[in-house]
Each structure stands twice: as C-alpha cells, then as structure tokens.
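J.: Coordinates for the following, if possible.
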Amino acid sequence: MAGMACCSPPQFARAAAALGLAVAALGIARSESAAETVNSIGMKLLRVEAGAFRMGASETPLPDALAVQAYRRFGDFDEKPAHRVRISKPFYIGAYEVTNAQYEQFDPSHHDLRGKLGYSRGDGEAVVFVSWHDAVRFTQWLSKQDGKPYRLPTEAEWEYAARAGTQSPFWTGDTLPAAFQKNARQTWFPDPTRSKPEADAVDLTVGKTPPSPWGLFDMHGNVEEWCFDWYGPYEAGEQQDPAGRSDGDFKVTRGGSHSTELYFLRSANRSGTVPEDKSWLIGFRVVQAAGPAGKALPVPGPPAAQRRVAVGPPAGRGPDPDKPYFKGPRQYVKIAPDSWGPLFSKHNHDPAIVEVANGDLLAIWYTCVTEQGRELGTAASRLRYGSEEWEAASPFWDAPDRNDHAPALWSDGKTLYHFQGLAAAATWGNLALILRTSSDDGATWTKARLIAPEHGTRHQPVESVFRTREAFLVLPADAVSGGAGGTALHVSRDGGKTWEDAGGTIAGIHAGVAQLSDGRLMALGRGDNIDGRMPQSLSSDIGRTWTRSARPFPPIGGGQRLVLTRLREGPLLLASFAREMTVTDESGMERKVSGLFGALSFDDGETWPARRLIGDDGPGHQVESTDGQPFTMSWSSAEPRGYLSVCQSQDGIIHLIGSRQHYAFNLAWLKELPPALR
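T.: Next comes the predicted model:
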C-alpha cells in the first residue's frame, strides 16, 4: 500500500476493496446482519465485530517520510510495548465524527462558536471547541433520546476500528493519500505574527475522504477524537477490553487532526489533554454500546521526584550568614544519553526552582528534541535536604503530544504552585495556562486547572512568580512567541482562585519582575533594547500600564534569561549575562569579565553598586552549560548562557540554576569583592 499516495479516486476505491478482502481473510469481517443503524438524530453507526489485534507501535521501522527524527523510527515511547488486545463484544461506532448540526440538537448555544478562529462554520463540519466533559454529556443526552447506551469509544476500541485489520501506520498502508492531508504540517496558529488564518482554517466537513474497509470516515486526520480513557502507560501481555487507567491528568485523543504532521495521524499514535480543554483541533465520535467491559488499570506509581518525600521542617542550621558562602556548580540535569522519551537527552532548558517546606530543593524544566515539537514535556529533579547531589531526572508533567512550554514554580512556604503552558498542538504560539498545587512538598499534586483557557499568546509562563505586599499573586508570561515584543502579567487577587491578564506589556520577553518599596512593579527584560542597553519597565497599577527606560546593563539575547528578585535581607538581586563588564576586585583594580553575573541594589534599582561573576573564583577549568556545551569558568569568565531561575532557602542561601548547573551562595558572598587576579 506504500504507493497509495498517488492513487486516483477509482484506483483508491479498488485498492480499499482489495484491502477489505484481505481483512476478511483475517477472520474479522463485519457481519452482514444489522451491519449499520441510523439513530434518532440521523447518525449512521456501523457494527464492528468482536476480534483481536496488536495495539501499539509496530516492531518494524517507520518509513523515512514519517520517522524524520531518530526517536520516531519505531513510534513514540508511549506506544510501547505493543500488545495483543481482544475486543470481546461487537459494538456500533459512528461512521462519521459528530457534526455541528448533530451536537447543537443537544447544545444549541454551541452555534455561537461556529467559525471561531475561522473553523467549523457549516452544519456538516466536525464539531470542535468541545471539552471531554461536553462530549460525555452529549452521549448521556443521546442515550436518553434513543433509549440505548451511548458513550465515547475506549482507546482500544478506537484503534481496533481505525486499523480495520491492518498493522501498517495507516489503514491505507505506509503512506496517507493526499486526500486525507489537511494542512499537514507544524503550525504556529493562532499566533498572528507566525500564521495566517486563511492558510490554516481548513474545511472540516466529515466524510469527504474515502472510507476505510470497515466503512469508517476520517479516522486519520480531520479532527482529533476524544476517547473514554484516562491516559497512562501501556502494559505488556494480552488484554481483554482494556479501558485505560482508573485516573489521571489527561484524557486520550486519537486520530490526529488537520494542521498536524502526518506522523501524529498514525493508527497507533496517542495524544491527550486535560479534559476541560477546548480547541479547534478536537472533536469526537460516539459508540453505541454498554459501558466498557474491561477493568481500568490502576494509576501508576509516582515518578522518582515525588517518592520518599520527607515530612516536616528541616533540622539544623545553614552556614553563618555573616561569612561568604559559595558552592557549585553542581549539575542538576541528569538524563541518560540517547534517551528518547519521556525524558530526552537532546535538549533540556527553561528551568524553575523552589525550596519546599521540608528543606528539599525541587527543580523542573522542559525536555525535548526540538523546542517547538509536540514531544516536549516537563522533567523534575530533587536535591533532598542534607544531600550533596541532585537525583536523576524523572518525568513531572507531560500532556501527550502537546507542547507543554515554559514551567514555573512558586511556594508560599506551605503550598507549592506549578504553572505551565499547555499547547493545543506543537509550538508555543497556542498556549493555554494551567495551575496545579501541592500541599505535601511535591509528593502529590492536584489535577491541572485551566486558569487562562483560551489558546493563544500572552500565556507562556516566566519563572518570576511572586506575591505583592497587597497579597496579589503575580505570574509573568511572554506576550509574544518571538525574541522581542514584551511580557504580560497575570494577576490573582484571591490567592490563586481566579486570574486576569493585567493588560499592559513589559519591554522585553522573559522579564524578571519585583515589587519596589513604594508599591510599584519593576521589570527587566530581554529584547526591546533601549539605546543598546537592557530595558526597564515600571508600573504603578499592577501591570496595567508601564513606562520604559534604559538601565546600565548589557542586553541579553538568544539562550539567555535573567532573574530579578528581592532577597529576604532587603536588596534586589539581578542575575544576568554580559559579554563584557567591568568589576572591581579586592585589590581595588578594575578588570574586564564576561558571563553570568550577580548585581545588588540597596535603593530599589536606582544604583547597583555590588557586581561580581557567579562562579567558583578558581583557575580556568571546563564546565558544561546548556545541553552539555562546554565553557571555561575562571576568575574572569563564567557561564555564557542559560535560562536562570532563583529561590532563597530558609537558611538564607540563594539557589540559582541555569539550564544545567546549580549555584548556591549567600548575600555575604555577593557583597564580597571578587579575588584579585592571580
């Protein structure tokens, strides 16, 4: 079937018929008796007989056109192990995805969403902008209408029906014919600077492509389809009527959609998102059958960073705050080489760090092959109180096949807050914002809650969360997807229950934000430079409006992110990067240095009299920066790049991480003049 991409319609029909004969030879042919039914709202449903199939990734390499990256050669990590599944009872499944006209018999108000972002205007187009809960409520309504049981298909039923007896990537073979390909690429939609609605908003009318040998339409592409199951890892061994996991963070979607690379349209591919999510990519089809016959599998055990979490405050005291203290660099990103999911050794970046109440340090960051890819998820590591070494990385949060871009952490001393961007697809041009919390030092977390549910820009979290003196929680988030254009603020005035975009835009992306003594907010950012210097923004109305000016620091660029925070002792701390900067050493000599530096202000940012490199002040030696890139750390050079995150622990130690290394020091060390050249 590899040549089907160039088939004419008559040739395609003949090929599909031949494939149907082959399926019949496997003993899974559809019954001729009651092979289809039409329900009370005009839905056509087809009978799928009981049978068995191999679920998951094929053991043979995928065609080069699909396996563009090395990690894709045998499918995704979550498609393994492939295992035999038996469907013990026949069921009826919708020949088509649910349309606008059908769905709106249940929910007439959905008509107002037709054409949102340019999608799904017509009666016969697949319904989109429906959550998993919406889809389930529709099936419950339909059950009452018809007096017959309806539900969403289980993930296993969906793949069984989609394969139609095949084991190839698509039911059409190794390739997917052009008729199925609707804007089949990675897009930045709806980011206005990187997409064009007229190119992305394709027609979603159901049934325009040839049916499978089992008579089903649009099993590859058009829109993703909600399934019954909670998402979770596969288990080895034969299973009968599996129904996913008993609980989880994400509901499974299957089939891929328009505006998606072909790889994600394969029969075995698994996607998913939080059940409250709504987008232009996801719809559903229904099954007419009693509840799933199989038992849901138990929830897997927690990842390593959430196990054996000590209870209670840390014992003992930290170093003498009056004596300079420095430790590091210590590597905290520890992932096995050639790891291809759910952790990726290729690219690890954009971290967040927080001290939890028991004295542990928790770091999270995104892990991926490419920053814009659907594989991007979030990893974690823990430095347990009293330990000298960070633990090996483990998964933290990863909506399957969604770009979970830009994590952030914050603690109020009791509760941990985890913020994350949740993409509708690939890239960070279409993020929604989620929030999770933990009240047991990160051992368990609440389910993700959408605090900014509309996918778009201004939702890419920046690791600079803080609480104002008015008790407002402030979350910076990039306002754009590019390297300049500013940062937004999301503000909660009720302890994190509700959030609003403050409305203004800070100069520069990835901005560090802090509150000044007079109540104003000050921010420093990357890009939008003023006279060749770093931009500063000030707001006296909690981010609604900003004034801008240049500050006496060199601007930063790609691969770099600064941090700005107020220390417990009172001064403001800026950590950033400089290609060249002058510092005064303990001998009184001024000399040129480069790389990661810290600066202190004792007058709310008017002046920054204390500046020094952040390094071990030793002779030149090699250290690894982002993704293992080497640099020389010495008296005159420090780390040249990385995304920074900072927290201050209960013992007064400042913990600063880049994209790979952890530095620990105190205020006395920052105030001390660096050593003279040796």
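
J.: And the helices in the stretch 501-650 of the chain?
T.: For the stretch 501-650 of the chain, no helices turn up when DSSP state H, counting those that start in this stretch is the criterion.

J.: Please disregard the earlier target; I meant the chain.
T.: Along the chain, counting by DSSP state H, helices occupy 9-25, 100-106, 132-146, 155-163, 197-200, 667-671.

J.: Can you check which of these gets nearest to residue 297?
T.: Of all the helices of the chain, it is helix 155-163 that lies closest to residue 297, at 11.5 Å by CB to CB. Placement of C-beta: from N, CA and C, glycine included.

J.: what about the residue nearest to residue 183 when sequence neighbours are not counted, distance to residue 118?
T.: In this structure, residue 183 finds its nearest non-sequential neighbour in residue 259, 4.6 Å apart by CB to CB, 6 or more residues apart in numbering. Note on residue 259: its distance to residue 118, by CB to CB, to the nearest Å, is 11 Å.

J.: ok, those two, which is more surrounded?
T.: Neighbour totals were compared for residue 259 and residue 118, and residue 259 leads with 25 against 14 (other CB atoms under 10 Å).

J.: got the contact list for the more buried one?
T.: 182-185, 187, 189, 200, 202, 281, 425 (CB atoms under 8 Å, 6 or more residues apart in numbering).

J.: before we move on, what about residue 120?
T.: Applying CB under 8 Å, 6+ apart, the residues near residue 120 are 100, 114, 126-129, 204, 280.

J.: The closest residue to residue 101 other than its chain neighbours: how many residues sit nearby?
T.: For residue 101, ignoring the flanking residues on the chain, the nearest one in space by CB to CB, 6+ apart is residue 123 at 3.9 Å. Residue 123 has 11 neighbouring residues, counting by other CB under 10 Å.

J.: what does residue 344 give?
T.: Residue 344, neighbours per other CB under 10 Å, totals 23.

J.: out of everything not next to it in sequence, what's closest to residue 141?
T.: residue 106 (4.6 Å).

J.: so the one you found makes contact with residue 142?
T.: Yes. If you go by CB atoms under 8 Å, residue 106 and residue 142 touch, sitting 7.2 Å apart.

J.: neighbour count winner among the two?
T.: Comparing residue 106 with residue 142 by other CB under 10 Å, the one with more neighbours is residue 142, at 23 against 17.

J.: now that one, nearest residue through space, not along the chain?
T.: Leaving aside its chain neighbours, residue 142 sits nearest to residue 150 (4.6 Å; criterion: CB to CB, 6+ apart).

J.: ok, now how distant is that neighbour from residue 311?
T.: On the measure of CB to CB, residue 150 and residue 311 end up 46 Å apart.

J.: Give me the more crowded residue out of these two.
T.: residue 150 (23 against 9).

J.: quick one, strands of the stretch 501-650 of the chain?
T.: 509-515, 521-526, 535-539, 547-550, 560-561, 563-566, 572-584, 590-601, 610-613, 621-624, 630-633, 642-643, 645-648 (DSSP state E, counting those that start in this stretch).

J.: per-residue confidence for residue 677?
T.: Listed pLDDT for residue 677 reads 76.

J.: ugh, typo on my part, it should be residue 22
T.: 38.

J.: just the one 4 residues further on next, same as before
T.: The model reports residue 26 with a pLDDT of 35.

J.: before we move on, what about residue 33?
T.: So, for residue 33, pLDDT stands at 44.

J.: can you tell me how far the residue nearest to residue 101 sits from residue 59?
T.: Distance from residue 123 to residue 59, by CB to CB: 43 Å.

J.: Surely residue 487 is in contact with residue 508?
T.: Yes. The pair residue 487 and residue 508 qualifies as a contact (CB under 8 Å) at a distance of 6.6 Å.

J.: Common neighbours of the two, please.
T.: With CB under 8 Å, 6+ apart, residue 487 and residue 508 have common neighbours 523, 525.

J.: what touches both of residue 259 and residue 118?
T.: Common neighbours of residue 259 and residue 118 (CB under 8 Å, 6+ apart) are residue 200.

J.: which intervals of the stretch 451-600 of the chain have sub-threshold pLDDT?
T.: Scanning the stretch 451-600 of the chain for pLDDT under 70 picks out nothing.

J.: next one: the chain
T.: In the chain (pLDDT under 70), the answer is 1-34, 678.

J.: go again using 50 as the cut-off
T.: Along the chain, segments meeting pLDDT under 50 span 1-33.

J.: Grab the most central residue of it for me.
T.: residue 404 (0.8 Å; CA atoms, centre = their mean).

J.: How about the contacts made by the residue nearest to residue 85 when sequence neighbours are not counted?
T.: Excluding the flanking residues, the one nearest residue 85 by CB to CB, 6+ apart is residue 55, at 4.5 Å. Listed by CB under 8 Å, 6+ apart, the contact set of residue 55 reads 82-85, 156, 159-160, 234, 268.

J.: Drop anything exposed from those residues.
T.: 82-83, 85, 156, 159-160, 234, 268 (16 or more other CB atoms under 10 Å).

J.: which of those residues lies closest to residue 321?
T.: Out of the buried ones among the contacts of residue 55, the member with the shortest distance to residue 321 (by CB to CB) is residue 234, at 51.6 Å.

J.: and that closest one, what is it in contact with?
T.: Counted by CB under 8 Å, 6+ apart, residue 234 has contacts 55-56, 78-83.

J.: Need phi/psi at it.
T.: With angles defined as degrees, to the nearest 10, residue 234 sits at phi -70, psi 160.

J.: Can you list the buried residues in stretch 519-538?
T.: By neighbour count on 16+ other CB under 10 Å, the buried set for stretch 519-538 is 520-529, 534-538.

J.: Quick one: end-to-end distance for it.
T.: End-to-end distance for stretch 519-538, by CA to CA, to the nearest Å: 11 Å.

J.: Report the distance from it to the chain centre.
T.: Here the centre of stretch 519-538 is set off from its chain's centre by 28 Å, with CA atoms, centre = their mean, to the nearest Å.
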